[in-house]
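> sharing a sequence plus its predicted fold:
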Amino acid sequence: MSGIKRIAQNKKARFNYSVEESLECGLALKGTEIKSVKEGVISFPDAFAEIKNGEVWLKGFHIAENPFSSVFNHDPDRPKKLLLHKMEIKRLTRKVDEKGMTLIPLEFYLKDGHVKVMLGVCKGKKQYDKRADIRERDVERDMRREFRKNLEG
């Protein structure tokens, strides 16, 4: 796809949660925040989205202050509003009300100059699920290694 530039990806989210569904959201940012996001100085290890009063807010998402801006800089840890349609918010509210479901940002990217968030409707994994994922990844890596070895000689 043209016009899309990935800024950051949350790799831990796919390890700690099973993603049931994902959707693209816009992000309401201030001018200095947009500059910092485009430079990639963001951090979101414990970020999550919360639905309050029919609006979706992203919390735990840190955007570093822009060193070249004046005194009108932004608060790095303020909650950011996610831009979604009303029907999408209602559907998300129903899903989040289910047991154990939460909204986790999976990746941030620029799409035609606009900052977008891939928001995942996730369910937390148990410890044995994580171990199974690690085992599956190791088996896959061993199979690829054997396949390469057989091709080489």
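Thanks, I have it. Note that this is a predicted model, so its numbers are computed, not measured. Numbering: from 1, shown residues only.
> contacts, neighbours, all on C-alpha from now
Fine.
> name the nearest residue to residue 15, ignoring sequence neighbours.
residue 130 (6.7 Å; CA to CA, 6 or more residues apart in numbering).
> per-residue pLDDT, that neighbour?
For residue 130, the model assigns a pLDDT of 80.
> am I right that it is in a helix?
Yes - assigned with DSSP: H, G, I helix; E, B strand; the rest coil, residue 130 falls within a helix.
> ok, it to residue 11 distance?
Distance, residue 130 to residue 11, by CA to CA, to the nearest Å: 13 Å.
> surely residue 65 touches residue 74?
Yes - contact criterion CA atoms under 8 Å: residue 65 and residue 74 qualify, at 6.5 Å.
> quick check: neighbours shared by those two?
32-33 (CA atoms under 8 Å, 6 or more residues apart in numbering).
> quick one, phi/psi of residue 112?
phi 50, psi 40 (degrees, to the nearest 10).
> and it, what is it in contact with?
Applying CA under 8 Å, 6+ apart, we find residue 112 in contact with 3-4.
> residue 3 is in contact with residue 111, isn't it?
Yes - using CA under 8 Å, residue 3 is in contact with residue 111, at 5.6 Å.
> more crowded one of these two?
Between residue 3 and residue 111, residue 111 has the larger neighbour count (other CA atoms under 10 Å), namely 16 against 9.
> residues touching the closest residue to that one other than its chain neighbours, list them.
With CA to CA, 6+ apart as the criterion, residue 111 has its nearest non-adjacent residue at 4.6 Å, and that residue is residue 4. By CA under 8 Å, 6+ apart, residue 4 lies in contact with 109-112.
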